[in-house]
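Participant: Here you go, sequence then predicted model.
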Amino acid sequence: MSEALTLPKVRGKLTQDAPLAKLVWFKAGGAADWLFEPADVDDLCAFVRDLDPAVPVMALGLGSNLIVRDGGVPGVVVRLGKPFAKIAVEQDHTLRCGAGAHGVLIASTARDNGIAGLEFLRGIPGTLGGFVRMNGGAYGRETADVLVECDVVLRDGSLATLPLADLGYTYRHSELPEGAVVVGARLRGEPGDPAEIGAEMERIAQAREDSQPVRTRTGGSTFKNPSGEKAWQLVDAAGCRGMMRGGAQVSEKHTNFLINTGDATSADIEQLGEDVRAKVRENSGIELEWEIQRVGRR
């Protein structure tokens with residue numbers, strides 16, 4: 001597709017056959033037909049508006065919850081850089097954040113302005129766009145608890161503001177329109193003491209360091225927690241701790257994490273996940289559901 005496709009002119013950066021492995025935490029996978037890094041929202045709107053409607057569009061954040069398959073991603077992958085990482089403090093303990101803002105930066109900005117309730121974002125490796133899309137959460141809270149509204153560029157190139165009620169949030173799921181790219185959101189907390197907020201952020205950071213393989217090539221939590229169950233406990237009980245396929249391994253430290261030990265392909269990682277699902281099904285009768293997003297051609 002990438003060779004035959006004529007793309008609209010842009011002010012940002014367009015790269016053909018762009019390798020994506022370096023942009024995702026697993027450090028594995030193929031290339032995007034095209035990678036678009038827009039200069040600003042207007043650049044993104046104009047590009048999407050003028051793009052052939054048949055061409056798929058996918059947003060990419062930090063790539064911390066993503067398996068890019070080895071065959072690469074068809075169409076256009078949109079990556080939001082620094083122009084989309086700004087944060088502004090508004091009234092009523094509210095932050096207006098660009099979709100490229102990291103969770104750590106959002107939580108830190110909230111702390112510095114005495115806004116409590118956003119500390120949990122310190123424990124999610126990713127950017128706001130991903131949090132909004134999948135109702136990201138950790139340590140007892142989720143995006144739905146703090147989101148007021150989000151701004152999205154729709155597949156026809158229009159810019160829309162969607163209130164919380166329109167997103168159909170459930171556990172790690174939203175009903176964002178197909179092809180929509182989140183470009184920003186407003187998050188609301190509550191008044192709090194910066195010192196106490198900071199202490200909670202430190203507690204979350206330490207808990208994550210102690211319990212998760214944060215210094216490895218991983219993709220975060222692999223499977224959703226079934227109702228009343230913990231995915232990691234089901235995986236452990238099925239005897240999967242340390243299990244391998246090719247260069248992919250179930251983490252010894254936290255069994256709901258898969259890791260790339262160095263030379264894993266995305267096929268290794270995805271198939272290991274399927275191996276784990278089969279063992280859990282056999283052991284407990286429970287069907288684990290993927291939390292990590294898997295995209296592209298096999």
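Facilitator: Noted; the coordinates are in hand. Numbering: from 1, shown residues only.

Participant: Check the secondary structure at A88 for me.
Facilitator: Counting by DSSP: H, G, I helix; E, B strand; the rest coil, the backbone at A88 sits in strand.

Participant: That one: what's it in contact with?
Facilitator: Under the criterion of C-beta atoms under 8 Å, 6 or more residues apart in numbering, the contact list for A88 reads 95-97. Any C-beta I mention is one placed from the backbone N, CA and C, and that applies to glycine too.

Participant: now do 7 Å
Facilitator: By C-beta atoms under 7 Å, 6 or more residues apart in numbering, A88 lies in contact with R96.

Participant: likewise the one 10 residues further on?
Facilitator: The contact partners of G98, taken as C-beta under 7 Å, 6+ apart, are 84-86, 128, 184.

Participant: same thing with E289?
Facilitator: By C-beta under 7 Å, 6+ apart, E289 lies in contact with 223-224.

Participant: For A54, see how far away P74 is.
Facilitator: Separation of P74 from A54 (C-beta to C-beta, to the nearest Å): 11 Å.

Participant: between those two, which one's more packed in?
Facilitator: Counting neighbours by other C-beta atoms under 10 Å for P74 and for A54 shows that P74 has the greater number, 17 against 8.

Participant: For the protein, name the helix or strand with the lowest mean pLDDT.
Facilitator: Using mean pLDDT, DSSP states H and E, the weakest-scoring helix or strand in the chain turns out to be strand 137-138, at a mean of 94.

Participant: Identify the residues contacting that one?
Facilitator: 120, 123-124, 143.

Participant: residues making contact with stretch 115-123?
Facilitator: By C-beta under 7 Å, 6+ apart, the residues outside stretch 115-123 that reach it are 93, 95, 103-104, 106-107, 110, 137-139, 141, 146, 187, 189-192, 197, 200-201, 204-205, 208.

Participant: Of those, keep whichever come out buried.
Facilitator: Buried members of the contacts of stretch 115-123, scored by 16 or more other C-beta atoms under 10 Å, are 93, 95, 103-104, 106-107, 110, 137-139, 141, 146, 187, 189, 192, 197, 200-201, 204-205, 208.

Participant: Now tabulate the contacts of G98 in TSV and tack on distance to S266 and secondary structure.
Facilitator: Formatted as TSV, the contacts of G98 follow (distance: C-beta to C-beta, whole Å; DSSP: H, G, I helix; E, B strand; the rest coil):
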residue	distance to S266	secondary structure
F84	26	helix
A85	27	coil
K86	32	coil
L128	25	helix
G184	30	strand
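
Participant: Which one (most neighbours) among those residues?
Facilitator: L128 (32 neighbours).
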